[in-house]
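1. After the sequence you'll find the predicted model.
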Amino acid sequence: MGNKIETLSTVKVKHADDLYKIVDTLNRTLKEENLMFGLALDEDDKDTAIFTIYRT
């Protein structure tokens, strides 16, 4: 039986070099709360990052 991952929120933000550090800290701190955070570059605009919050 697989785990269901629910997307709670997605937002586009200006890309910054250290943005991944915030996502990493959130993942480490809140994993016991069944939350997961993702960061990806927008395929259409490399200056924009997509930040997503998931419930696992």
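-> Nice, thanks for sending it over. Numbers count the residues shown, from 1 in each chain.
2. ok, which stretches of the protein are helices?
-> 19-30 (DSSP state H).
3. Would you mind listing where it has pLDDT under the threshold?
-> Applying pLDDT under 70 to the chain flags the ranges 1-2.
4. What's the local residue count around Leu35?
-> The number of residues packed around Leu35, counting by other CB atoms under 10 Å, is 15. All C-beta spots, glycine's among them, are computed from the backbone N, C-alpha and C.
5. Quick check: it touching Tyr54?
-> Yes - under the criterion of CB atoms under 8 Å, Leu35 makes contact with Tyr54 at 7.0 Å.
6. where's Phe37 relative to Asp45, distance?
-> Separation of Phe37 from Asp45 (CB to CB, to the nearest Å) stands at 21 Å.
7. neighbour count winner among the two?
-> Neighbours per residue, other CB under 10 Å: of Phe37 and Asp45, the larger number sits with Phe37, 20 against 12.
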